[in-house]
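Novice: I would like to see how this sequence folds:
(2 chains)
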Amino acid sequence: MPNARITVPDRVPRGLPFEVRIQIRHPMETGYRTDDMGKSIPRNVIRAFTCRYNGDPVFVAKLSSGIAANPYLRFFVLARASGELTFEWIDDAGTRESERVAVNVG
Amino acid sequence: MRSSRRRLLQGASALIAITCLPARAAEGSLPAIPELAAFLAGRMPRRERVRMELPRIADNGLSVPMRLAVSGPFAPGPFVRKLALFAEINPVPDMAVFEFPQPLERIEIETRVRLAGTQQIVAVAEMTDGTLFVTAMEVIVTLGGCMDGT
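Specialist: Take a look at the predicted model:
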């Protein structure tokens, strides 16, 4: 099962910003909680999130425990040419994940 | 039955009106957040162009929907380079920074934040020429976002 759900419009007009929505499956563990045995659960949040459009970064987010679990982001990207958006994120545990979606400009 | 329900609703809306007042009164100055001061580095932000939408009252601080926008038009420049978000009493006050590496006319972000309790939230936009715009608002949090049942 993919770890993120991404929504972009099927077709976007050239030269206009289009909406990108992404929700990532991640606990965004704050580091302030304890487990059933009273042991503290180590912090594990997504630190860095990057969205690239045909290789060029177009949106970068630096996140913290202040972002809710299963982080949701909605932002805009300028439609330039058909191609692909790639999303990459890394958490405190060092897990790096990525997803990609096609963009049809026309 | 019906009239008592109406009275209850009237009372509730009056309460909401009262709780909205401190937010407006606080609009003059920004809350003292060291991380915010470090970001501003002595620069004076202007209170315009940044819009923040948050519920006035959040029942649960674990997930509070938020919308941020910077009103354009920006072309031919300067554009928005960064949008930084600060929380007054969260254990990590610098909640998030959103960066726009390329010129973009539509700066609008939606996300969900965790809030440790009733506090002011500040959003600062930094333009490509270094100009700063800011907005702040208070959110009343009934149940903080750092505790769970355990």
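Novice: C-alpha only now, for contacts and for neighbours.
Specialist: OK.
Novice: of all the residues in chain B, which ones are close to chain A?
Specialist: Proximity of chain B to chain A (C-alpha under 8 Å from any C-alpha of the partner chain) is limited to residues B:62-64, B:90, B:92-102, B:104-115, B:146-148, B:150.
Novice: Show me which of these are buried.
Specialist: For those, a burial check counting by 16 or more other C-alpha atoms under 10 Å in any protein chain shown picks out B:62-64, B:90, B:92-101, B:104-115, B:146.
Novice: In strands only, show me these.
Specialist: Among these, the ones falling in strands (DSSP state E) are B:64, B:94-99, B:107-113.
Novice: Tabulate these (CSV), appending distance to residue B:45 and pLDDT.
Specialist: Shown next, in CSV, are these (distance: C-alpha to C-alpha, whole Å; pLDDT from 0 to 100):
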residue, distance to residue B:45, pLDDT
B:64, 26, 96
B:94, 17, 96
B:95, 19, 96
B:96, 18, 97
B:97, 16, 98
B:98, 17, 98
B:99, 18, 98
B:107, 18, 97
B:108, 19, 97
B:109, 20, 98
B:110, 22, 98
B:111, 23, 98
B:112, 25, 97
B:113, 23, 97
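Novice: Pick out the most distant pair among those residues.
Specialist: Using C-alpha to C-alpha, the two most remote members of these are B:64 and B:99, lying 21.5 Å apart.
Novice: Give the buried residues for stretch B:35-53.
Specialist: B:35, B:36, B:45, B:50, B:51, B:52.
Novice: will you turn the residues you listed into TSV that also has pLDDT?
Specialist: Listed next are the buried residues of stretch B:35-53 as TSV, based on pLDDT from 0 to 100:
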residue	pLDDT
B:35	95
B:36	96
B:45	95
B:50	97
B:51	97
B:52	97
